[in-house]
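# A predicted structure for the sequence below; I have some questions about it.
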Amino acid sequence: MKDARLLVRALRDPDSVGECDWSALIAAARAEQLIGSLAFRLEGKAVPPRVEAILAAARRDAAQARTQALWEAEMARRATADLNVPMILLKGTAFHAAGLDASVGRSVGDLDILVPRDRIEEVESVLIAAGWERMKAADGYDDQYYRRWMHELPPLVHRTRDRMIDVHHTILPLTARPRPDATALIADSVVLENGLRILSPEDMVIHAAAHLFADGDLAGGLRNLWDIDRLLRQFAAADRDFWTKLGWRAERHQLRAAVARAVTLSRDLYATPVPPSWRTRRVTDSLFRARLLARNGWGQEKRKWLRFAFYLRGHWLRMPPLMLARHLWIKATR
């Protein structure tokens, strides 16, 4: 296969790998940060010894990444404990903390947390006191851009552990057209045993869909879509009313279109079970599918112009035209 379809097929149906092009499959999985997920999907399957060695190493790396991610979350919890501020884990760390199916083999980069906007400066202050440092100049354009228009603070990195934390106050930039209800995200979050929180099941899917289709260029999108597939399967199996709740909640956050797109493409690529009412089609679905699969047999990105078009789309979604033009001009002239 000439794109990432081989990886998608292996994740969807591990029994299909057979005599596949293992080099291409491993390369694509690494490029999409899905090597851990693939390793667990193929655990116990008959694969060549050299491939099993790679997959076994990936499983060990995934276990270590999980431990590291949960430790970073605990360090952030301790640093902010005296503030009595609800701290909601997002993305991969949330999956691991809750033991969700999406956490199996899931790689984790930064620690992403969500806190109330009116408490975000307090959270930043105690994190800095606990060893995290600002990565951007305090008077720089990027720093001011983050604080005025973005959905998160400028990234912080710990001075000794070299681990990054992104502190969010909502899930999309303030300049984006959809305006998710950040108050509702926090109010309906679920408390874990250690006092940390995760988003409600519906909001977790909505956040994943927003991150993939309403805020970015779909780079690394197969991993995000795999998250969505795992979440949809698990939550729908646990709650017969999940799909109805998901629709209501997506409307509340002004993200029904992004969620519908995520559901459609998850079903197309990963065969996610979806109710008939969610089986929608758009003329542009094929373009999104082509962008998600834009890798060659070496794991390298291809379809340059399509990727560039989605890069422009990502910026267009983030801000109005005049602001976008000013922002791109400043970035280019710097």
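Yep, it's here.

# distance of M164 relative to D21?
Going from M164 to D21 by C-beta to C-beta, to the nearest Å gives 35 Å. The C-beta positions use only the backbone N, C-alpha and C, and glycine is treated the same way.

# show me where pLDDT drops low in the stretch 1-150 of the chain?
Residue ranges of the stretch 1-150 of the chain with pLDDT under 70: 1-3, 136-139, 141, 143.

# that older thread, neighbour count winner among M164 and D21?
Higher neighbour count among M164 and D21: M164, with 16 against 13, using other C-beta atoms under 10 Å.

# test my guess that the more buried one contacts L156.
Yes - between M164 and L156 a contact is recorded at 6.9 Å, counting by C-beta atoms under 8 Å.

# now do the shared contacts for those two.
Shared contacts of M164 and L156, defined by C-beta atoms under 8 Å, 6 or more residues apart in numbering, comprise M135.

# what helix or strand does V167 sit in?
The secondary structure element spanning V167 is strand 164-168 (assigned by DSSP states H and E).

# contacts for that strand, please.
Here strand 164-168 makes contact (C-beta under 8 Å, 6+ apart) with 72, 76, 90, 109-115, 120, 123-124, 127, 132, 135, 151-153, 155-158.

# narrow those residues to those that are buried.
The neighbour count (16 or more other C-beta atoms under 10 Å) marks 72, 76, 90, 110-115, 120, 123-124, 127, 132, 151-153, 155-156, 158 as buried among these.

# now intersect those with the helices, please.
Per DSSP state H, helices hold the following members of these: 72, 76, 120, 123-124, 127.

# avg pLDDT for the helix or strand that contains L312?
Taking DSSP H and E as the criterion, L312 maps to helix 304-318. Averaged across helix 304-318, the pLDDT comes to 81.

# need the contact partners of it.
Applying C-beta under 8 Å, 6+ apart, the contact partners of helix 304-318 are 173, 175-177, 214-219, 287, 290-291, 294, 301, 324, 327-328.

# now do the buried residues in stretch 95-106.
Residues 95-98, 100, 102-106 are the ones in stretch 95-106 that count as buried (16+ other C-beta under 10 Å).

# give the residue farthest from the middle of the protein.
Of all residues in the chain, P49 has its C-alpha farthest from the mean position, at 32.1 Å, by C-alpha atoms, centre = their mean.

# any idea how far F288 lies from K304?
Look at F288 and K304: by C-beta to C-beta, they are 17 Å apart.

# okay, these two: which has more neighbours?
Set F288 next to K304 and count neighbours by other C-beta under 10 Å: F288 wins out with 21 against 9.

# in the stretch 1-150 of the chain, which spans are helices?
Remark: helices assigned in the stretch 1-150 of the chain by DSSP state H, counting those that start in this stretch are 5-12, 22-31, 35-41, 49-80, 91-98, 120-129, 141-149.
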